[in-house]
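*Asks:* Fold the following, please.
(2 chains)
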Number of protein chains: 2
Amino acid sequence: MKAKRHVILLVSILPWLACVNESRPDEQAGQHPSLIITKTEAREIRKSLGKYPLLDQSVDGLKATVEAALASLIEVPPPGEAGGYEHERHKQNYREMRDAGLLYQITGDERYAGFVRDMLMRYAEMYPTLGPHPRAHNQRPGKLFHQMLNETVWLANTSIAYDCIYEWLSPEDREHLEANIFRQIVEWFTETNVHEFDRIHNHGMWSTASVGMIGYVTGNQDWVDMALYGSERDGSGGFLKQVELLFSPDGYYMEGPYYVRYAMRPLFKFAEAIERNQPELEIYGFKDGLLKKALYSAANLAFPNGVFAPINDASKTMDIRAPGVVLGTNAIIHREGADDNLLALCAIQGRVFLNGAGLATARAYSRLKAPPKIRWGSIEYTDGNDGTQGGVGVLRHGEGADQTMVLMKYGVHGLGHGHFDKLHFILFDQGREVIPDYGFCRWINIEPKFGGRYLPENDSYAKQTITHNTVVVDGISQNRGDRQAADRVHGERHFFDATRPDVQVMSARANQHYDGVDMQRTLFLIANDQTEFPVLIDIYRLKSQNRHQYDYPIHYNGQLINFGSSYEAFQENWQPLGPEHGYQHIWKTAEGSEVTNSPVRLTWVDGHRYYTLITTGTAGGQGILGRTGANDPDYNLRSEPLAIVRANGSEVVFCSAIEPHGYFNEATESSRAARGIIQAVRILGHTDEGTVVNVTGKNGLDWTLSVTNQEASATRGHSVLVNGQPYEWSGNFSARLEGNNSQTQP
Amino acid sequence: MKAKRHVILLVSILPWLACVNESRPDEQAGQHPSLIITKTEAREIRKSLGKYPLLDQSVDGLKATVEAALASLIEVPPPGEAGGYEHERHKQNYREMRDAGLLYQITGDERYAGFVRDMLMRYAEMYPTLGPHPRAHNQRPGKLFHQMLNETVWLANTSIAYDCIYEWLSPEDREHLEANIFRQIVEWFTETNVHEFDRIHNHGMWSTASVGMIGYVTGNQDWVDMALYGSERDGSGGFLKQVELLFSPDGYYMEGPYYVRYAMRPLFKFAEAIERNQPELEIYGFKDGLLKKALYSAANLAFPNGVFAPINDASKTMDIRAPGVVLGTNAIIHREGADDNLLALCAIQGRVFLNGAGLATARAYSRLKAPPKIRWGSIEYTDGNDGTQGGVGVLRHGEGADQTMVLMKYGVHGLGHGHFDKLHFILFDQGREVIPDYGFCRWINIEPKFGGRYLPENDSYAKQTITHNTVVVDGISQNRGDRQAADRVHGERHFFDATRPDVQVMSARANQHYDGVDMQRTLFLIANDQTEFPVLIDIYRLKSQNRHQYDYPIHYNGQLINFGSSYEAFQENWQPLGPEHGYQHIWKTAEGSEVTNSPVRLTWVDGHRYYTLITTGTAGGQGILGRTGANDPDYNLRSEPLAIVRANGSEVVFCSAIEPHGYFNEATESSRAARGIIQAVRILGHTDEGTVVNVTGKNGLDWTLSVTNQEASATRGHSVLVNGQPYEWSGNFSARLEGNNSQTQP
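*Replies:* As a prediction, the model looks like this:
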């Protein structure tokens, strides 16, 4: 595997390596600014003021914050605690310097330039006196910040500020700043912490991008070359290799969308700098247009409200308004042209980056009659730098804010921020995560919560398998919760078929995550007029030689309406569900009286809609209810409910119908259809050939669905015995939807 | 007390009784419609279409729903389960008939009239065949509905519909409908269920109003007289007596705002009918303009977002857009004139009732340049029909959506929907209940949740004292949770002073709620520039001859950031906090290691703001954390956290500072000031004369606050020993606010 990667790397980087020794073809060679904005772009923006609302809003927004900064005393405090006042002050400082620099270029107002110089001088005074920050914990320390990551962000932003006032400064001032800040910080990054610089990780991208950017500003092409090609300057490390290995060929970022929006900052900042300084590198063409694909991939993995699906370590609220996504959207519109979906992102973003890309975006946006709706359709992304390591599938139905979206995850583990969650799915409906991902366990930037760092419960709960909506075998997480083991394997694509509007299907496998247990999950999103909203049908098949305990968990939100018919709620005593692998953090709150062949049923209300889950299993099942919060002495977890269906067996199929239905509005005291249409789910047959299930409900609803358990093939015929009769279909799946108002199979 | 009530009643009702035998002075006597809209009003509305946006929106809204109804089959199903399909269908039917009737008058389109007739004919067919509904549980049954209440609402709305098409119907049709529906239903209400008709309760108001309304339409003045003066027609019962006894002289409704918005529907519907048919009764002048006061009182007890403070049995989301409040707002604007606060309500309501009152409102609203902000200030309401039974106080600071509001409850129990919650307070800040009231325990209109009725946990949890933010003595609710005992007593006003903008204070007592324990709570809302947001200081004094356990609870929402310094979190086992009085529903989740004289500290984040509670007690205290959900087999409770400070003693003072501070935004990953300004709270002295406390914090913040424990007097001098020195002030309280940026006492 390593060898193969290496070959691809050399082939794809060679054309770029060839340019290393050429001189810069930039007409304005040596002119400043040239990093992310040029004199020409600044002049164009100035001339465009008052014409394009998005541009004006963005300039006004920047002015408001920078003027407030100018009216305050400059503070460059000694380094402090993560998330603490000093930490936040240094972050605010680089943002203010960057914005003041841009405003100086756009307005010509020298107060802005003076502000940047004065602050830089304060840093030049302090920086040489600093040693490594004492509170790095298990990360590389910066000097201003507890972790080097923040320092690279500081440098990337400060480079923009320095570039903007470069010509305004005296040569003596420049020499002073470069000697006391920039040469020292580059040495810190590229020598003392060279491992971090060459690391294939978003931290590495920040490190290389920041060094490359200050390299361009200071005319130090050697720094730029190190940034592009690694500390060895041979393409074995550096920005291009990082981009090469961290993204799949169709632009999916292995850490998931929360981290890609962060990686997009150095990605697009440095790309814009490269394009202005070494256009011959054709960075926007790199890896077959990867930057554009990366932006589209991130946007496609956002919910209809613009919030990123919180897979892997992720906040529940990060969205496409994040600065890297704004810059990326502007850059792609500028370099590759606008389309309706990109302009729909702009409508949510409400601002542009203040350079030529932002100007082009504001101009394109101003030509629209009305803000377009986002119309991303269903899509599958491959994972792994060569696209062969599983993927992520997204099924969508409807459009605009009330779109239904189902995401399934079956790619790589994704390094240190990965979760043990293969075949996990999220259901987004009615503008919210109805079957959610917990996200990370971290109260980001809240200083009293361990400096806003990742909390111990991120490892012990957020990453574990039971925390996700995927089966746990024997109460143990996938790959026993061992990251190294998990990074060596990946999920597998089976098939993805979104061609039929009423029945969209995705199916995937994870056979390397539990010793001797093969798992296949198939999700059908069925949208015909027999039910009010699209219904999700889940067929989860596990196969082993040995007998295991299989826990099928569904996390939900809102208020439970009813749970099956016969269970014991633990009224006087709650105890943890298990000893480890996340189970220790879940209170067991109720339990079905016995293993039963009747389906487990759960109805809850969330927002204005009801949801009913009906789950049946070939080995019967016992319903369990839980709530997070056990073994949480520092109250780091959110208190959230889940349901589990537990079965014991070797070969087991779970089949669920998840039906949104009705309407509830407490304020108007309206309730409608608190009981769903679907009444029963049965597994009719299952063999290595395929699985056949049947879903029935009111008004004669009668759906028979089947899926192949063999290699995917659009044409192969299948036959599974159902009640002694062969049930036959050809292709990867079949769906017969009968009943009133039914649509028949095409 | 009873005698006194009777005297007031006779005096105030006499002028109305005098009118009983006069003939109707209405110029258009006998003309229809005349109940809630007249021909003239309908014509004016028709002429005004296209002129006033609020009017147009309202007409369009009505047309949309009525046209949908016209396009569907009429359904008049046999009676069904509470909250079930048939129940909801009958509710929808009366709304559709009422709206179709109004639209017929406004547009003259006979399709609307035909719709009402056809539906009424269906009811005329079924109604005579019905007996009492079999599923009333502990309420009076209706025939169409499980409870009579719904049937009275049906009649009130259907009366409007019938009035609107009265002249369009043939005399034979009218006789058929009156014989088969209206005479039978009036007999059901005024004879079979006469107790409910005369009852001093919102159910009684619905019953009398509905009978009075159909009386006006059918020209049956005897029904009207019964409605106005009770079944005995002598003023001992009926609508006027209900209004007389249910509202305090300044308009506060004893059941609280959730039920007043419901009571406002019969109140204003019938009032409008009276005004059109017996204007000589001057109903809008009744009890010194009580209708206007009732509307203002309800609006004043809404949070800045328009949602009613959920005191007593109440939904958490009912707001001023409720239909009774819309009609009431329109009627008062029409009869008494508009003001900015009423027009601000209209901005939130977004629609008007379609009669002359709504037209007047839409016209007044259209003259505004911009929608006004609600600017209710601080206000105190008295409780009890004579205004001597305690009250409700509201302190407000700021304006618009981010207004801070503190509400304290110290009036009567409030009948069957009352809670055992005297001296309870709610803190509303940042657009949300930060220190909330739980509201009722009911999933209203959700049929699988016991037909949407009140749930057993409403009695066992929602009404109990521990469920509120007020002290529980010996683990037992006020008045031992006995409603009859609670209805016999009430809280007492002490003083209310909102004259000083930086220090607003309200103080009240509850001395009849625990045998031998006197309680006084004083809330200071302090808004000066030493803290970022207004700070709440709470001085709660308990005095008894005997030793008791005092539990001081604070309910909160959001995520706990930290809790004191030394506590045991129960990690492996949760058990209920106690055996009864609501304690059985609270899991004890953590406990301070010991009773300590150090204050109990709790910081949490809710929305975009941090909150820190620092509580100290003269007898020390032990911090306890809890979460609702124990002994809740049907999952009827919401899972919510609370903190308790427990102290043992006879005479005990608790003093708390509750400080909102800083900013948190997960999506932008910003956090500021996660630690507050206030650092310590001390009780300097407390005697029967007064209590003196001291609050200190960063930047030299040093506040000394005192309150009188004697009878209120604006001038009396007080002296309490503090460290052996007399601390002196005059009046009910003093506040010395020192420190940087401090404002000194005036």
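*Asks:* In this structure A:T218 contacts A:A179, no?
*Replies:* No: with contact defined as Cβ atoms under 8 Å, A:T218 does not count as touching A:A179 (11.0 Å). Where C-beta positions appear, they are placed from N, C-alpha and C, glycine not excepted.
*Asks:* Between these two, point out the one with more neighbours.
*Replies:* A:T218 (20 against 12; other Cβ atoms under 10 Å in any protein chain shown).
*Asks:* Mind pulling up the pLDDT for the one residue in the stretch 201-350 of chain A that gets nearest to chain B?
*Replies:* Residue of the stretch 201-350 of chain A nearest chain B, by Cβ to the nearest Cβ: A:T317 (4.0 Å). Confidence at A:T317, expressed as pLDDT, is 94.
*Asks:* Tell me who's in contact with it.
*Replies:* Contacts for A:T317 (Cβ atoms under 8 Å, 6 or more residues apart in numbering or on different chains) come out as A:307, B:666-667.
*Asks:* Just the ones in helices from those residues, please.
*Replies:* Nothing among these maps onto helices, per DSSP state H.
*Asks:* And the buried ones among these, selectable in ChimeraX?
*Replies:* A single ChimeraX command selects the buried members of these (16 or more other Cβ atoms under 10 Å in any protein chain shown):
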select /A:307 /B:666
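*Asks:* pLDDT value on A:R135, please?
*Replies:* 83.
*Asks:* how close does it get to A:Y104?
*Replies:* Distance, A:R135 to A:Y104, by Cβ to Cβ, to the nearest Å: 35 Å.
*Asks:* Is it correct that the residue of the stretch 201-350 of chain A closest to chain B falls within a helix?
*Replies:* No: using DSSP: H, G, I helix; E, B strand; the rest coil, the secondary structure at A:T317 is coil, not a helix.
*Asks:* for chain B, what are the nearby residues on the stretch 501-650 of chain A?
*Replies:* Neighbours of chain B within the stretch 501-650 of chain A, by Cβ under 8 Å from any Cβ of the partner chain: A:559-563, A:569, A:571-576, A:587, A:589, A:603, A:605, A:627, A:629-635, A:638-639, A:641.
*Asks:* Could you tell me which ranges of chain A sit under the pLDDT cut-off?
*Replies:* Where chain A drops to pLDDT under 70, the residues are A:1-29, A:565, A:741-746.
*Asks:* the domain parsing of it - what is it?
*Replies:* A:73-192, A:200-283, A:379-738 (automatic domain parsing).
*Asks:* These into JSON lines, with extra columns for distance to A:K373?
*Replies:* Formatted as JSON lines, the domains of chain A follow (distance: least, Cβ to Cβ, whole Å):
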{"stretch": "domain A:73-192", "distance to A:K373": "31"}
{"stretch": "domain A:200-283", "distance to A:K373": "20"}
{"stretch": "domain A:379-738", "distance to A:K373": "5"}
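*Asks:* highest average neighbour count across the ones you listed?
*Replies:* domain A:200-283 (a mean of 24; mean count of other Cβ atoms under 10 Å in any protein chain shown).
*Asks:* Can you check the distance spanned by that domain, start to finish?
*Replies:* Using Cα to Cα, to the nearest Å, the end-to-end distance of domain A:200-283 comes out at 19 Å.
*Asks:* Quick one: end-to-end length of stretch A:102-118, please.
*Replies:* Termini of stretch A:102-118 sit 16 Å apart (Cα to Cα).
*Asks:* How far away from the center of its chain is that stretch?
*Replies:* Distance of stretch A:102-118 from its chain centroid, counting by Cα atoms, centre = their mean, to the nearest Å, is 36 Å.
*Asks:* Then stretch A:500-511?
*Replies:* 21 Å.
*Asks:* Please, where are all the helices along the stretch 401-550 of chain A?
*Replies:* Here the stretch 401-550 of chain A has its helices, by DSSP state H, counting those that start in this stretch, at A:456-457, A:483-487.
*Asks:* Let me see the contact set for the residue in the stretch 401-550 of chain A positioned nearest to chain B.
*Replies:* Closest contact between the stretch 401-550 of chain A and chain B, by Cβ to the nearest Cβ, is at A:N445 (3.9 Å). Neighbour list for A:N445: A:83, A:88, A:452, B:664, B:669-671 [criterion: Cβ under 8 Å, 6+ apart].
*Asks:* Among those residues, which are located in helices?
*Replies:* Taking DSSP H, the ones among these that sit in helices are A:E88.
*Asks:* Now the contacts of A:N445 in TSV, please, with extra columns for distance to A:R265.
*Replies:* TSV is the format used below for those (distance: Cβ to Cβ, whole Å):
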residue	distance to A:R265
A:G83	20
A:E88	18
A:G452	18
B:F664	22
B:E669	12
B:S670	16
B:S671	19
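*Asks:* from the contacts of A:N445, which single one is nearest B:M126?
*Replies:* Ranked by distance to B:M126 (Cβ to Cβ), the contacts of A:N445 are led by B:F664 at 57.9 Å.
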